[in-house]
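Colleague: Here's my sequence, what's the structure:
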Amino acid sequence: MGGRSIVAAASYGASFFHIARTHLLPALLPLVAASCLRIVGHAVSAEAGLTFLGLGDPTSKSWGMLLNRSMSFSGIYFTDFWKWWVLPPLVALATLVVAVAFIARDLEKLVNRKL
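Modeller: Predicted structure coming up:
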């Protein structure tokens, strides 16, 4: 599936759509999927960070909003139960971002054997 097969297909009169479907897409789709997974990890952490700072939609339900509400509760530090307000959304957010990063890394290793 190298450049020679594309040149050979074009010299036999293959259309652009045939070349793209049979030669380009199978090589590009795994790379695009790995890049999209990396973008998903960044987007989730950015959304949680912005909503934690109070810049998100206050009616939405997200881990950043849970952290925002738990940290802004005035009586949270007077008891030992503060960790149960903060830790579950923080652990869930970190687990999701790390899991997506590992999946993207392994998908990229599957696609690119040189890694």
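
Colleague: what's the closest non-adjacent residue to the residue nearest to the spatial centre of the chain?
Modeller: Closest to where the C-alpha atoms of the chain average out (CA atoms, centre = their mean) is V40, at 2.1 Å. Among residues not flanking V40 along the chain, V100 sits closest, at 5.6 Å (CB to CB, 6 or more residues apart in numbering). Any C-beta I mention is one placed from the backbone N, CA and C, and that applies to glycine too.

Colleague: neighbours around the one you found, how many?
Modeller: The number of residues packed near V100 is 19, by other CB atoms under 10 Å.

Colleague: Show me what counts as buried in the host helix or strand of it.
Modeller: Here V100, judged by DSSP states H and E, is contained in helix 82-111. By neighbour count on 16 or more other CB atoms under 10 Å, the buried set for helix 82-111 is 85, 89-90, 93, 96-97, 100-101, 103-104, 107-108, 111.

Colleague: Please pull out the lowest mean pLDDT helix or strand from the chain.
Modeller: Least confident helix or strand, the chain: helix 3-11 with a mean of 74, by mean pLDDT, DSSP states H and E.
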